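# No letters, just coordinates:
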């Protein structure tokens, strides 16, 4: 109603107020942050395949089941990680990194607004080239935020089976905590975050594929312009108003485009997470000696005893699947550093199986369904 009144009075609708936009952003983050944090930790977890020598001793049926498990997407991992984080560390653990996420979204929104406003003034053509260039530029600017965000969230992992053992950081001092997820060289030269091995290529490849698929579907299936109501036509009242017609065909095609984009983007998302967190400093297994260098030997022994007691208690309360995974992760040393995009892809495929490239497929598919249901028909 407010938009119609503005149009009748000749006023331009400039969108929702800033306060309303901030409230919506915070509410969305309250829902998204637990899922995002669990998704990053699930993708970062190192789950090696069974020893090939032991695999030779299995019969044919066991080999078939083992091969199926290595290819089968893990649909419920994210929900299990959310439940485990809530049970082990409480509600606060689900919202660590929310401040950094808010800063990241705010910077993306401001930069996107400036880019598109400048593009409208310059009337650049063709439109598809402008969209592609803007998407790539936004992905490059957003790269340091994404690296810090993924390292910070992954530092809260409950298991030892991450790509590199790292030190857990506290949640109430973001500046100090973020400095712990940077190497000494990255602290001296922050621009090194743009040149992590293979990370920029993986990020730009994902953005390029998704944008090109979007432009392809838009030009192929949605070529017509938006229908406008002519104010001079008989029976029409008021100024021109944009009208949208609901179409099941377009809704289905929109969902198909999202699924095709997911098939390409999901492996690249898993690879991006591994490349982003692998240089994170700190050793989780050495926390007993690194927490307080000035502590006495008695205090260190007491802290170690309390940590062992809490670890035993959490292991006893864990499910058999979580217990076996935790015990196996203690035996698995941190793997070598990935040297690039292709090397990370081949190592994950060989060491952990194809399912390592599809982690988070279930929750991502649910997100696509929600986006499709809420997308306006064009």
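Arrived safely. Values in this document were obtained by computation on a predicted structure and should not be read as measured data.
# rest of the way, CA atoms for contacts and neighbours
Noted.
# remind me which residues of this protein are low pLDDT?
By pLDDT under 70, the low-scoring segments of the chain are 1-21, 50-76, 119-127, 156-179, 221-247, 279-336, 371-378.
# max-length helix in this protein?
Determined from DSSP state H, the single longest helix within the chain is helix 248-277.
# how many neighbours does residue 24 have?
12 (other CA atoms under 10 Å).
# that's a strand at it, yeah?
No: with DSSP: H, G, I helix; E, B strand; the rest coil as the criterion, residue 24 is helix rather than part of a strand.
# so how far is residue 37 from it?
Separation of residue 24 from residue 37 (CA to CA, to the nearest Å): 20 Å.
# buried set for the longest helix of the chain?
251, 253-255, 257-259, 261-262, 265-277 (16 or more other CA atoms under 10 Å).
# Could you pull out the strands in the protein for me?
Here the chain has no strands by DSSP state E.
# neighbours of the nearest residue to residue 104 once chain neighbours are set aside, just the number please.
Leaving out its chain neighbours, the residue that sits closest to residue 104 by CA to CA, 6 or more residues apart in numbering is residue 145, at 6.2 Å. Residues lying near residue 145 (other CA under 10 Å) number 18.
# for residue 147, same thing?
22.
# what do you get for residue 49?
16.
# pretty sure it contacts residue 352?
Yes: here residue 49 reaches residue 352: they are 5.1 Å apart, a contact under CA atoms under 8 Å.
# Distance of residue 88 relative to residue 47?
Counting by CA to CA - residue 88 and residue 47 are separated by 21 Å.
# okay, these two: which has more neighbours?
The neighbour count for residue 88 versus residue 47, taken as other CA under 10 Å, is higher for residue 47 (20 against 14).
# Now do the phi/psi pair for that one.
Main-chain torsions, residue 47, degrees, to the nearest 10: phi -120, psi 90.
# any idea what sits nearest it, other than its immediate chain neighbours?
residue 352 (5.8 Å).
# Tell me, how many residues neighbour that neighbour?
Neighbour tally, residue 352, other CA under 10 Å: 18.
# can you tell me which residues contact it?
Contact analysis of residue 352 by CA atoms under 8 Å, 6 or more residues apart in numbering lists 46-49, 70.
# Nearest to residue 347, out of those residues: which one, please.
Closest approach to residue 347 among those (CA to CA): residue 48, at 10.4 Å.
# Identify the residue nearest that closest one in space, chain neighbours excluded?
In space, residue 48 is closest to residue 352, 4.6 Å off (CA to CA, 6+ apart).
# From residue 203, how far out is that neighbour?
22 Å.
# ditto for residue 267
11 Å.
# do the same with residue 95
25 Å.
# Neighbour count for these two, which is higher?
residue 203 (22 against 19).
# hang on, isn't that one packed against residue 272?
Yes: using CA under 8 Å, residue 203 is in contact with residue 272, at 6.8 Å.
# Overlap in contacts, those two.
Counting by CA under 8 Å, 6+ apart, nothing touches both residue 203 and residue 272.
# And the helices in the stretch 101-250 of the chain, which stretches?
With DSSP state H, counting those that start in this stretch as the criterion, the stretch 101-250 of the chain has helices at 127-154, 174-180, 184-188, 199-221, 248-277.
# Contacts only, for the nearest residue to residue 144 once chain neighbours are set aside.
Nearest residue to residue 144, sequence neighbours excluded (CA to CA, 6+ apart): residue 193, at 5.8 Å. Taking CA under 8 Å, 6+ apart, we find residue 193 in contact with 143-144, 147, 186.
# For those residues, pick the one with the most neighbours.
residue 147 (22 neighbours).
# ok, that one to residue 257 distance?
From residue 147 to residue 257 the distance is 27 Å (CA to CA).
# what does residue 28 give?
On the measure of CA to CA, residue 28 and residue 257 end up 24 Å apart.
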